[in-house]
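Chemist: give me a model of this one.
(2 chains)
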Amino acid sequence: GAVVSQHPSRVICKSGTSVKIECRSLDFQATTMFWYRQFPKQSLMLMATSNEGSKATYEQGVEKDKFLINHASLTLSTLTVTSAHPEDSSFYICSAIGSPVHHSGANVLTFGAGSRLTVL
Amino acid sequence: LAKTTQPISMDSYEGQEVNITCSHNNIATNDYITWYQQFPSQGPRFIIQGYKTKVTNEVASLFIPADRKSSTLSLPRVSLSDTAVYYCLVGPMNTGFQKLVFGTGTRLLVSP
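Modeler: Numbering: from 1, shown residues only, chains lettered A, B, ... in the order given. Model prediction:
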């Protein structure tokens, strides 16, 4: 079944530094991955769609120069939060299309475990 | 993209059956209905997916009426560990897959 691995699970950094979060699809290829952001007690907000070998598509209001997305291979997408500030502190979750264990239907969106970013 | 509407929260007790309904009036012909469960500080976990009628797996059932404008996730005999947020997601799941937008979700609290 499809598994999406996300690393690191937690990261604390100082204001002004950059942080990279990796999202890997295990045992399946993901031409498209999605990055979400979630604040406490709120729903997931789609930030961008990451396409292998091409530029990411960002949602309205998401700064592409702030949140750099690279999808250089069919199994890896990275999100780099550049010059992070405290307001960037959030829970970042990636996802990819795959088929989980014991599911024989259509593809589903499979999520990573998330990365908690805290900017001091 | 089909917009979804769910109750913000629900309360239940251990051992009861819980039914969470999601409205998706603008569902398209190619759209599937997928339900996810999310615990705090974790990514959403797939529960069940369906296109029409009824789907059942080892953890839940999904009921979809003929017009597909709504769906109901049924959790049999819930336990305390089922306390979580449940999201209904509607969208196409083919290779031309486009982004999926989450609604508010339903916060389920199961009490002893």
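Chemist: give me the beta-bridge partners of the closest residue to residue B:30 other than its chain neighbours?
Modeler: Sequence neighbours aside, residue B:92 is the residue nearest to residue B:30 in space, at 4.3 Å (criterion: Cβ to Cβ, 6 or more residues apart in numbering or on different chains). From N, CA and C alone the C-beta is placed, and that goes for glycine too. Beta-bridge partners for residue B:92, by DSSP bridges, are residue B:31.
Chemist: do you know how far residue B:92 is from residue A:17?
Modeler: In this view, residue B:92 and residue A:17 are 39 Å apart by Cβ to Cβ, to the nearest Å.
Chemist: ok, back up a step: contacts only, for the residue nearest to residue B:30.
Modeler: B:28, B:30-32, B:98 (Cβ atoms under 8 Å, 6 or more residues apart in numbering or on different chains).
Chemist: and chain B, which residues reach chain A?
Modeler: Residues of chain B found near chain A (Cβ under 8 Å from any Cβ of the partner chain) are B:32, B:34, B:36, B:41-46, B:49-51, B:55, B:57-58, B:87, B:89, B:93-94, B:97, B:99-105.
Chemist: out of those, which end up buried?
Modeler: B:32, B:34, B:36, B:42-46, B:49-51, B:55, B:57, B:87, B:89, B:93, B:97, B:100-105 (16 or more other Cβ atoms under 10 Å in any protein chain shown).
Chemist: list the contacts of the nearest residue to residue A:64 once chain neighbours are set aside.
Modeler: Closest residue in space to residue A:64, ignoring its immediate chain neighbours: residue A:58 at 4.8 Å, by Cβ to Cβ, 6+ apart. By Cβ under 8 Å, 6+ apart, the residues touching residue A:58 are A:47-48, A:64, A:67.
Chemist: any chance of a ChimeraX selection covering the buried ones in those residues?
Modeler: Buried residues within the contacts of residue A:58, by 16+ other Cβ under 10 Å, are selected in ChimeraX with:
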select /A:47,48,67
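Chemist: among the contacts of residue A:58, which ones are in strands?
Modeler: Residues of the contacts of residue A:58 located in strands (DSSP state E): A:47-48, A:67.
Chemist: now distance to chain B and pLDDT too, for those, in JSON lines please.
Modeler: Below are these laid out as JSON lines (distance: Cβ to the nearest Cβ, whole Å; pLDDT from 0 to 100):
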{"residue": "A:47", "distance to chain B": "10", "pLDDT": "94"}
{"residue": "A:48", "distance to chain B": "9", "pLDDT": "93"}
{"residue": "A:67", "distance to chain B": "15", "pLDDT": "97"}
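Chemist: can you get me a residue count around residue B:4?
Modeler: Neighbour count of residue B:4, defined by other Cβ atoms under 10 Å in any protein chain shown: 24.
Chemist: surely it and residue B:100 touch.
Modeler: No. Counting by Cβ atoms under 8 Å, residue B:100 is not a contact partner of residue B:4; they are 10.1 Å apart.
Chemist: intersection of neighbour lists for these two?
Modeler: With Cβ under 8 Å, 6+ apart as the test, residue B:4 and residue B:100 both reach B:89-90.
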